[in-house]
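> just need the structure, nothing else, for what follows:
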Amino acid sequence: MDPIRRERLSKLLSLILRHKPERFSISLDERGFALIDDIVEAIQEKFDHLSTDEILEIADGAEKRRFEVDGDRIRARYGHSFPIDLGLPPADPPEFLYYATVPARASVITNGGLSPSDRQYVHLSLSEEIATQVAMNQTDSPVVFRINARQATEAGVNFYDRSPVILTSGVPSEFIDVLKEAAPPPAVFGRRRRKAPPRR
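Below you'll find the model as predicted:
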């Protein structure tokens with residue numbers, strides 16, 4: 001498949017299955033699945049000669065594993081902005097997980113913990129590098145947090161494995177450490193320009 005067509009189709013599938021199924025007259029079941037045939041029919045006007053095989057190719061080949069197929073149905077694996085029961089059992093997380101965000105949100109997380117904003121779950125990363133890369137879509141200077149996931153689990157916080165991301169409904173601040181502060185703004189060198197005297 002052409003890379004541009006693949007990217008456009010993947011983004012449209014995300015819109016339908018994660019955020020706006022009703023806009024395309026798509027019905028999701030209680031686990032977030034939609035019929036592939038319904039998806040194809042709904043978006044054929046935007047993609048000439050769209051086939052079921054292309055939908056399956058997107059689901060099977062996406063590096064971030066955004067979608068999964070079950071027979072004749074497809075759903076988003078994570079990222080929903082509306083409540084959906086994914087039917088996931090709690091998983092044993094690694095000792096640490098990571099989250100990065102814009103500097104303006106850092107104090108909110110430090111004081112109040114992590115909670116979903118526009119998604120059903122908080123998305124956590126398996127490494128500092130991955131978390132930083134995700135946050136770089138929003139800022140050049142992310143703040144990186146380390147989540148003491150194993151301690152949080154022992155305290156009753158549930159985590160769900162949707163590799164390559166780990167989902168959770170929230171994490172109290174006591175299990176969150178600042179791993180990397182935002183980089184300071186670059187220094188400005190050179191002489192300051194003198195203000196011109198007022199004209200008389």
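> CA-only coordinates of stretch 155-163 in PDB, if you can.
Output in PDB follows, covering the C-alpha atoms of stretch 155-163 (Å, rounded to 0.1, in the frame of the first residue of the first chain):
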ATOM      1  CA  ALA A 155      -1.600  -0.400  46.800                       C
ATOM      2  CA  GLY A 156      -4.500  -1.400  44.500                       C
ATOM      3  CA  VAL A 157      -3.800   0.500  41.300                       C
ATOM      4  CA  ASN A 158      -4.600  -1.600  38.200                       C
ATOM      5  CA  PHE A 159      -2.500  -1.600  35.000                       C
ATOM      6  CA  TYR A 160      -3.500  -3.100  31.700                       C
ATOM      7  CA  ASP A 161      -1.100  -4.400  29.100                       C
ATOM      8  CA  ARG A 162      -1.800  -3.000  25.600                       C
ATOM      9  CA  SER A 163       1.800  -3.300  24.400                       C
END
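> got the buried residues for it?
157, 159-160, 162 (16 or more other Cβ atoms under 10 Å). Yep, even glycine has a C-beta here, placed from its N, CA and C like the rest.
> quick one: which of those residues is nearest Arg66?
Set against Arg66, the nearest of the buried residues of stretch 155-163 by Cβ to Cβ is Arg162 (9.7 Å).
> mind listing the helices for the protein?
With DSSP state H as the criterion, the chain has helices at 3-14, 36-43, 52-61, 106-112, 128-135, 149-154.
> possible to save those as TSV with mean pLDDT, mean neighbour count and distance to Glu181?
As requested, the helices of the chain are exported to TSV (pLDDT from 0 to 100; neighbours: other Cβ atoms under 10 Å; distance: least, Cβ to Cβ, whole Å):
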stretch	mean pLDDT	mean neighbour count	distance to Glu181
helix 3-14	92	14	32
helix 36-43	94	17	44
helix 52-61	88	15	37
helix 106-112	94	13	8
helix 128-135	94	17	13
helix 149-154	97	17	21
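> closest one to Glu68 among the ones you listed?
Of the helices of the chain, nearest to Glu68 by Cβ to Cβ is helix 52-61, at 6.5 Å.
> what residues does that closest one touch?
Contact partners of helix 52-61, identified using Cβ atoms under 8 Å, 6 or more residues apart in numbering, comprise 1, 6, 9-10, 13, 36-37, 39-40, 47, 67-69, 74.
> and it, how far out from the chain's middle?
Distance of helix 52-61 from its chain centroid, counting by Cα atoms, centre = their mean, to the nearest Å, is 21 Å.
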